[in-house]
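Trainee: one predicted model, sequence on top.
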Amino acid sequence: MFVQYTCEIDQDQKEKKYDILALVSVVVMFVSFLFSQLIFFLQQTSKLDAIKFDIKTITASDFTVEYEISKEMFDDFLSNQFPTYRDQQEVINNRPTGNTYSVGLALKSYLTQNV
């Protein structure tokens, strides 16, 4: 046995369903707009928090200077400045260590005093 029937909705029911669907669509669009604004706000505040954290944490790299020394500059240092450091002794905690200055330590001392 096969039964077939039709579903008939009058105009008032159609309008009521349309109004409900329109209301649901507006609510969903409003919620999605609020959600996108919330995400934008959180992104901006997290950027500010990262900047605040970076400001609060000071590391040695904040005070590091990179200085390129050419071969000619180094040769000039060895011939003109290093002889004045060659006979000096290293001093740690205001006490001489008995070790004479190495080329690297002499260069470091010269740069910190003159640059």
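Mentor: It's in.

Trainee: strands along this protein, start to end?
Mentor: Shown for the chain, the strands assigned by DSSP state E span residues 89-92, 95-100.

Trainee: can you list those strands in JSON lines and add mean neighbour count and distance to Glu66?
Mentor: All C-beta spots, glycine's among them, are computed from the backbone N, C-alpha and C. Formatted as JSON lines, the strands of the chain follow (neighbours: other Cβ atoms under 10 Å; distance: least, Cβ to Cβ, whole Å):
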{"stretch": "strand 89-92", "mean neighbour count": "11", "distance to Glu66": "25"}
{"stretch": "strand 95-100", "mean neighbour count": "10", "distance to Glu66": "28"}
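
Trainee: any idea how far Arg95 is from Ser25?
Mentor: Between Arg95 and Ser25 the distance is 82 Å, computed by Cβ to Cβ, to the nearest Å.

Trainee: okay, the strands of the chain in a markdown table with mean pLDDT and distance to Thr6 next?
Mentor: Listed next are the strands of the chain as a markdown table, based on pLDDT from 0 to 100; distance: least, Cβ to Cβ, whole Å:
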| stretch | mean pLDDT | distance to Thr6 |
| --- | --- | --- |
| strand 89-92 | 75 | 101 |
| strand 95-100 | 77 | 105 |
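
Trainee: among these, which is nearest Lys108?
Mentor: For those, the distance to Lys108 is smallest for strand 89-92, at 11.3 Å, taking Cβ to Cβ.

Trainee: list the helices and strands that closest one packs on?
Mentor: Applying 3 or more Cβ pairs under 8 Å, 6 or more residues apart in numbering; DSSP states H and E, one finds that strand 89-92 makes contact with strand 95-100.
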